[in-house]
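**Student:** Attaching a predicted model along with its sequence, questions to come.
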Amino acid sequence: MVEINPIGGSGGTLRKDPTDGVEKVIAVLISAGLLLDFVQFIVRQNGIPQSLVQHGGDGGHFTPFVLADDEYLTGITGRYGLYIDSITLHTNTRISPRFGGRGGEREYEIHANAGEQIVGLWCRSDRYIDAIGAITARVPYRHVT
């Protein structure tokens, strides 16, 4: 496992997803308005679907992003200022729409290395996502495309 340090504002409480035994992300739950309110991974962990940490608060408009069986998360991009304003998810087969607002002074990019996938998040958050980072792991051989 590789941890990619959180990028973004300096506020919020730091929390990491428990990623031991995570095989892949099967869905990303997102709630956003002008800012990224919350993000949460649903994963297959030791063969069982599990909800990981809900990073952030309860506001915004809820949208699930569901991955196909042969699809895995390879990157996260967006914009930030004091908070994470937006997030776009990148998989081995597609790119999601942008979730969140158009603000933020800077762009961020988090990408897994070749042969790896994002399996968890490492965020600072309270009501909103202040900063976002990732935890990566090897892609199981049967899923490498």
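**Tutor:** Yep, that arrived.
**Student:** contacting residues around Leu34?
**Tutor:** 85, 100-101, 103 (CB atoms under 8 Å, 6 or more residues apart in numbering). For glycine as for every other residue, the C-beta is placed from the backbone atoms N, C-alpha and C.
**Student:** got a winner among these for most neighbours?
**Tutor:** Gly100 (28 neighbours; other CB atoms under 10 Å).
**Student:** beta partners for the residue nearest to the spatial centre of the chain?
**Tutor:** With distances taken as CA atoms, centre = their mean, Leu121 lies nearest the centre of the chain, 5.6 Å away. Leu121 has these beta-bridge partners by DSSP bridges: Ala134.
**Student:** which residues sit in contact with it?
**Tutor:** Leu121 sits in contact with 16-17, 39, 41, 52-53, 55, 132-135, where contact means CB under 8 Å, 6+ apart.
**Student:** One more: Arg15?
**Tutor:** Counting by CB under 8 Å, 6+ apart, Arg15 touches 53, 55, 122-125.
**Student:** secondary structure element for it?
**Tutor:** strand 13-16 (DSSP states H and E).
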